[in-house]
Every structure is written in structure tokens, then in C-alpha cells.
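# Return atomic coordinates for the entry below.
(one chain, ligands or ions: 1)
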Amino acid sequence: MKSPILFIALFASLGLAQPASAAPRPNVLLIMVDDLNGEVGCYGSKSAKTPSLDAFAGTAVRFTRAYCQAPLCNPSRTSMLTGLRPDTVGVVDNNTHFRWKKADALTLPQQFRAAGWRAEAFGKIFHGGSIPVEDGASWDRGPGTGKPLPKPSVPKSKPGRQRTDNPWDAWGPIPGGDTAAGDGNYARAAVAAMKRLKDAPFFLAVGFKKPHAPLNAPEKYFAMHSPQTSDLPTSFRYPDEPPVPYLPANALRPNFDLFGPQRTVTGTRDEALSARAAYAACVSYIDAQCGLVLDALDQLKLRDNTIVVFVSDNGFHLGEHGLWSKMTLLEESLRVPLMIRAPEIAPGVSDRVVELLDIYPTVLDLAGLPPAPHAEGRSLAPLLRQPDRDWPHPAFSQLPLQERLPGGARITEEMGGRSVHFDRWHYVAWTGGVEALFDMKSDPWQMQNLVAKPEHAATLARMRTLLKEHAAGGAPPKPQS
Ligand SMILES: [Ca+2]
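Numbering: from 1, shown residues only. Model (predicted):
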């Protein structure tokens, strides 16, 4: 048997977190949701019915301005879980496995495994699309464990019941109870895992696939929501209305998932309201599954020794500016719910700008593990302890060219670009030179582009510099073809 010193030397040589000696080893519960925007009760939604998440928010620190690094599943999840920006890890689309680009990447669950935690995953944690980004190295038990690395292949659209020829452009109830869809099963598997692992430190990840399109959920959640006009956002436009005049054309890319893909198919007003209600139904479905998992923590008396991170990988448009789905550089697509509960951290709300990239160093920090030298985010632990403290850090996001999206949709170079949030400002630079500057305090719906306003010239210059220094040239890298 190798000596402990040899083990520590081995961990150090690999850049892995070393096991803490006598420190308490809290569990980690990571709850990942797919394409969830701010349509949650505790985030101010009037139409959401999310009692479990609202109750959880009262026990956690809720971040109101957390931004994903890319508004798309794989690049966002890869960045969050490797601690690297999409540019650094080289994953900017849904068709690239991060190990093809960076074989020695160290994921967050890998760090915990190396330090003696048991790491298990249920549902969608890394990207699970046409090229499943499963990672056996990350888990003791989970997707990809014991399987070879997937090889590149050409994704195919799936046939099925749908509103148009876009496979994701569909919604409606499905017969049966919670376990009629995968997420109900993932929640129950996670609860069973918690019972099995309650005596050992665990890193448990449960990933729910809703409210990602198609917007299907068990019928009882559809019965909770009906189409309505009373909750329409200020910037809402029906699918049959002309493009909004206040945003650059680059921002108004064709719709994906819903009412798309190329604006040749537009929906009716009733369909738009129906799709919004379907999204709310999927969110209520997820809320109930989160409630199951969080209640199990309490029943097993694990709450006081478990770090809980609740997060979505990207946001989602529900008709704001006439846009649907993700893959824009606008607020609804980039901003995500993020709530963190940790032992000895008081509940609160933080309005500071943070990145999903920060989750990696934060969780290591909260668990008492040494910082990972490669991680590009910063620990949010000081902000968790004092949610209103100064936090003068920008959040960067990028949307590169996407050639191979389902349903024949694509993001052209002109629709892509980069953005930075800093303080009250959001600046977007689309590839090709079109820009927008928004004051998120006075104009949360992003209906006033301030780029041409002389009184904001100094702010614009500052934001341009921030983004230019960050991006070193401004053009996002092209994905692998
Ligand atoms: Ca997603």
C-alpha cells in the first residue's frame, strides 16, 4: 500500500485537490436544470407555481444576476464543470466533447472524487444531446462510467409528434404521474442514492431536462397553468408581429425550439400564450422534483452538512422582443437562477454580477478543499457571507457560430458575438461590429440601446475595453465542423 505522503505527492503532481486532513467534509448536492430562466416565484415571476424552490430560496443565498458563459447547453455546462471559459477549454458548441479538446481537464466532481468523496450523477449533468458528453472520469457512478469516450458523429433530427418540422417545436401534457418523464425518475434515483450514501461524504449531481423544449410534462402540471395575457413581459411580442425596431438586426436571430426555425413558420397568438403556459407547467414539474430531493436531505438529517447548489445552464426567451428559446446575447438567454446553501451561511439575496464559472472554485472553497490553480472563476464565499459587499467583477458570455443545430437552424457569425455585464451595465458586441449598451437598472427589458447616446460615451468606452481586453480581438472562436 502506498504511503499517504506518496498519495499527496501524486495528487499535487496531477493538480488535483488534496484531501483535507481533519476538516469536516460536507456533502455536495448539485441540482442542474436545463434552460430555466427567471420564471420562478422567488425570482419575481407572477405566473410561476414553484413552492419548493421558493421555500429553498428562503434558506439559501439567491443570486439575481448570475450569467452563463455561453447560452447553450454543452459550452455552458462544460465551462461550469471544468472551471474553464469556453475559449480555454475549446468547447463552444453542442457537438464537441471536452476531452477531445482537453483530455486532462479536471472536472469539479473529479476533484471531489480525488479528495475522497463519492461522486454520483443522475440525469443530464454534462450535455446529453446527440453527442452525449458523458464523462466516466467524473463519477464513481453515473453517465459514461465504464464507457469509452464517444466519437464524433453527425447529429440527426428526431421524428415525433410536433407542431412543425422542428423536433423541439412542441408542447403539451403527457399522461401519467411524475415518473412518466425522465426527470421524475432522476429525482427518485437521487433520493435513493442519498439514502445509500448518507454516511459517507458525497458529491451528488442531479440534472433535470426540463423546461428544455419540447415542453412536455405530466398532465397534472399542465392543469396548474392556463394561457394568460396578464403576465406578459414588457418586451413581449407575438410571433406574428414585425421585428422590434429597438434592437440591432443581429440580435433578432431566427427562433429556435419554438416558433422556428427560420421565421418561415410563425405561430398564432393563442399558440404563443399556450407555449408560455407549457413552459410554466414544466417549471412546476421540476419544482416538485427539486422538492423531493431537498426534502430527502432534511429527512436524512443531512441539511446541516450539505452544500446545495441550484443552477440552470442557460436562460430562455418566452417571446421577449419576439424571440423564443436561448442562443442570444440578451438578458433572458444569459441570466440564470443560481442559489447556494451552505453550512454556516445565512440566507440572503445578492444582486451582484457573478458567473457560473464561479461555481467551481466556490464549491471547493466551501468544502474546505484547496483552490484549483487552473480555475478561471472566483470563489463566491465572501459574497455568500456578505451578499451586498462590493463585488466589482464583470461577467463574460459568448455566442459563437453554430452550424449544426437541430431542425436545420443555425447561428451565423453575424448573430454571434460576445457580451459583458458589469455593475448596472450590459454591453453586447456582435461579430461584424454591431453593438448595444443597456442600463439594466433603468431598462431591465433592454428596450433602449444607449450606444449612440453621447451621455453614455464614457461607459461605452469602458465596456468596450473590458470586452476587448477579455476577448483579445473580439471574435469568438469557430467551432469544430
Ligand atoms: Ca440548456
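
# What residues does the chain have near the ion?
Asp34, Asp35, Cys73, Asp313, Asn314 (C-beta under 5 Å from the ion). Every C-beta, even on glycine, is put in place using the N, C-alpha and C of the backbone.

# hang on, the last one packs against Thr328?
Yep, that's Asn314 we're talking about. No - Asn314 lies out of contact with Thr328 (C-beta atoms under 8 Å); the separation is 10.1 Å.

# coming back round to it: so which of the residues of the chain next to the ion are in helices?
Cys73 (DSSP state H).

# got the residues of the chain next to the ion as TSV, with pLDDT and neighbour count columns?
TSV is the format used below for the residues of the chain next to the ion (pLDDT from 0 to 100; neighbours: other C-beta atoms under 10 Å):
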residue	pLDDT	neighbour count
Asp34	97	25
Asp35	97	25
Cys73	94	23
Asp313	98	31
Asn314	98	29
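
# can you list the residues of the chain next to the ion in a markdown table and add distance to Gly41?
Formatted as a markdown table, these follow (distance: C-beta to C-beta, whole Å):
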| residue | distance to Gly41 |
| --- | --- |
| Asp34 | 19 |
| Asp35 | 18 |
| Cys73 | 25 |
| Asp313 | 20 |
| Asn314 | 20 |
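
# any common contacting residues for Asn314 and Thr328?
Pro71, Leu334 (C-beta atoms under 8 Å, 6 or more residues apart in numbering).

# for the residue in the stretch 251-400 of the chain positioned nearest to the ion, what are its contacts?
Residue of the stretch 251-400 of the chain nearest the ion, by C-beta to the ion: Asp313 (4.2 Å). Neighbouring residues of Asp313 by C-beta under 8 Å, 6+ apart: Met32, Val33, Asp34, Asp35, Cys68, Cys73, Ser76, Arg77, Met80, Val336, Leu356.

# And those residues, which is the shakiest by pLDDT?
Taking these together, the minimum pLDDT is found at Cys73 (94).

# Relative to Tyr238, which of the contacts of Asp313 is nearest.
Nearest to Tyr238 among those, counting by C-beta to C-beta, is Asp35 at 21.2 Å.

# from what I can see the closest one touches His317, true?
No - counting by C-beta under 8 Å, Asp35 sits too far from His317 to count as a contact (10.2 Å).

# Common neighbours of those two, please.
Joint contacts of Asp35 and His317 (C-beta under 8 Å, 6+ apart) are Ser325, Lys326.

# which residues of the protein fall in helices?
Using DSSP H, helices in the chain cover 4-14, 51-57, 73-82, 86-89, 98-101, 108-114, 182-197, 219-222, 269-299, 331-334, 359-366, 381-385, 457-471.

# mean confidence for the second one?
Confidence over helix 51-57 (mean pLDDT, whole number) is 98.

# Return the list of helices and strands in contact with it.
Under the contact criterion of 3 or more C-beta pairs under 8 Å, 6 or more residues apart in numbering; DSSP states H and E, helix 51-57 touches helix 269-299, strand 306-312, strand 335-341.

# Please identify the deepest-packed of those.
Across these, averaging neighbours per residue (mean count of other C-beta atoms under 10 Å) puts strand 335-341 on top, at a mean of 24.

# Which strands and helices lie in contact with that one?
Counting by 3+ C-beta pairs under 8 Å, 6+ apart, strand 335-341 packs on helix 51-57, strand 61-67, strand 306-312, helix 359-366.

# Reformat those as JSON lines; add distance to Gly348.
Converted to JSON lines, the helices and strands packed on strand 335-341 look like this (distance: least, C-beta to C-beta, whole Å):
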{"stretch": "helix 51-57", "distance to Gly348": "10"}
{"stretch": "strand 61-67", "distance to Gly348": "5"}
{"stretch": "strand 306-312", "distance to Gly348": "15"}
{"stretch": "helix 359-366", "distance to Gly348": "15"}
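
# which one of those lies closest to His393?
Among the helices and strands packed on strand 335-341, strand 61-67 sits nearest to His393 (C-beta to C-beta), with 11.1 Å.

# What helices and strands are in contact with that closest one?
strand 335-341, strand 348-355, strand 395-399.

# who wins for proximity to Pro454 among those strands?
Of all these, strand 348-355 comes closest under C-beta to C-beta, at 25.6 Å.

# could you give the angle of that closest one to strand 335-341?
If you take axes from the mean of the first three to the mean of the last three C-alpha atoms, to 10 degrees, strand 348-355 sits at 130 degrees to strand 335-341.

# Can you point out the buried residues in strand 348-355?
Gly348, Ser350, Arg352, Val353, Val354, Glu355 (16 or more other C-beta atoms under 10 Å).
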